[in-house]
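>>> from the sequence below, what's the structure:
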Amino acid sequence: MEHHFLLHDYALIQDALRLDAIRFVHFVGLALGLGLAFYADFRVIRHFGAPLKQSDVDFIHMIHRPLIVALLILWASGLTILVIKTGLDPALISAKLAAKLLVVAILTANAWALAYHVLPVLREAVGEPLWMLPLPQFSKVLIFGSISATSWALALGLGVFGIAKTLPPELLFGLIGLVYSSALLGAGTIVFGAMIAMHLPNMRQLALRPL
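Okay, here's the model as predicted:
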């Protein structure tokens with residue numbers, strides 16, 4: 001009987017270690033994506049009022065593949081955790097797990113949008129401040145960039161804050177919607193400010209002046 005319990009305990013320890021190893025890989029993918037995304041956003045944001053440099057565009061283009069790798073790690077490890085914890089039984093999928101899936105799905109769709117809608121805009125914007133781009137192009141940069149930063153931050157928050165496990169689904173998804181709405185509102189405010197600035201005297205000449 002004692003031998004049976006020892007084998008049972010050993011199996012439980014193995015399962016726990018296996019799940020922890022997958023969680024570790026999951027957080028590696030999250031850390032990689034979060035770091036690259038925020039650093040890329042920083043390099044773009046600092047050129048709102050100063051001419052965009054070719055080196056910054058080249059850097060953003062270079063890190064797009066590592067970001068895709070980070071997303072693939074998140075999907076692979078996240079789905080593995082989902083299978084282990086729920087057996088893909090919908091009744092066992094918590095609101096927190098569903099929220100994680102939603103956020104990573106948004107990140108994936110936004111990565112495609114960044115590659116096909118934002119990177120071409122940035123290539124054409126070299127030598128000009130971003131706020132002086134035509135309104136549709138400037139809006140793309142801000143909207144998709146804010147969605148990217150917000151999604152990576154939400155992915156981190158859902159992984160770190162234990163309170164997410166206890167929140168009712170309607171409250172959890174309501175908070176996620178509020179965070180996205182606030183990010184988009186902030187982006188819209190910046191676009192509106194740029195529209196006003198474009199009509200102020202001498203703003204264009206000041207923006208194009210070498211630093």
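>>> now do the residue nearest to the spatial centre of the chain against G33, distance only.
The chain has W152 as the residue nearest its centroid, 2.9 Å off, counting by CA atoms, centre = their mean. Remark: distance between W152 and G33 (CB to CB, to the nearest Å) = 6 Å. Any C-beta I mention is one placed from the backbone N, CA and C, and that applies to glycine too.
>>> need the overlap of contacts for the two.
Residues touching both W152 and G33 by CB atoms under 8 Å, 6 or more residues apart in numbering: L107.
>>> circling back to that earlier point, need the pLDDT of the residue nearest to the centre of the chain.
Per-residue confidence (pLDDT) for W152: 90.
>>> against which helices or strands is the lengthiest helix in the chain packed?
Determined from DSSP state H, the single longest helix within the chain is helix 2-45. Of the remaining helices and strands, those touching helix 2-45 by 3 or more CB pairs under 8 Å, 6 or more residues apart in numbering; DSSP states H and E are helix 54-86, helix 135-160.
>>> angle of it against helix 135-160?
160 degrees (axes from the mean of the first three to the mean of the last three CA atoms, to 10 degrees).
>>> so for helix 2-45, mean pLDDT?
For helix 2-45, the mean pLDDT works out to 76.
>>> how far off centre is it?
18 Å (CA atoms, centre = their mean, to the nearest Å).
>>> and stretch 59-77, by the same measure?
Put simply, stretch 59-77 sits 11 Å off its chain's centre (CA atoms, centre = their mean).
>>> same question for stretch 143-163.
6 Å.
>>> hmm, who's touching it?
With CB under 8 Å, 6+ apart as the criterion, stretch 143-163 contacts 26-27, 30, 33-34, 37-38, 41, 44, 74, 96, 99-100, 103-104, 106-107, 110-111, 113-114, 117-118, 164, 176, 179-180, 183-184, 186-187.
>>> mind running it again at 6 Å?
When contacts are defined by CB atoms under 6 Å, 6 or more residues apart in numbering, stretch 143-163 is touched by residues 30, 33-34, 37, 41, 99-100, 103, 106-107, 110, 113-114, 118, 164, 180, 183, 187.
>>> circling back: so the longest helix of the chain versus helix 54-86, what angle?
160 degrees.
>>> roughly how far apart are W112 and F138?
From W112 to F138 the distance is 20 Å (CB to CB).
>>> please apply the same query to I147.
The gap separating I147 from F138 is 15 Å, by CB to CB.
>>> quick one, which of the two is more surrounded?
Counted by other CB atoms under 10 Å, I147 and F138 do not tie: F138 has more neighbours, with 23 against 20.
>>> low-confidence stretches in this protein?
Scanning the chain for pLDDT under 70 picks out the ranges 1-12, 15, 192, 194-211.
>>> tally of neighbours for L154?
23.
>>> nope, V104 is what I was after
22.
>>> so what's it up against?
By CB under 6 Å, 6+ apart, the contact set of V104 is L74.
>>> confirm it sits in a strand?
No: per DSSP: H, G, I helix; E, B strand; the rest coil, V104 lies outside any strand segment and is helix.
>>> could you measure from the closest residue to L30 other than its chain neighbours over to L52?
Excluding its sequence neighbours, the residue lying closest to L30 (CB to CB, 6 or more residues apart in numbering) is A155, at 5.8 Å. Separation of A155 from L52 (CB to CB): 28 Å.
>>> this completes my enquiry, with thanks.
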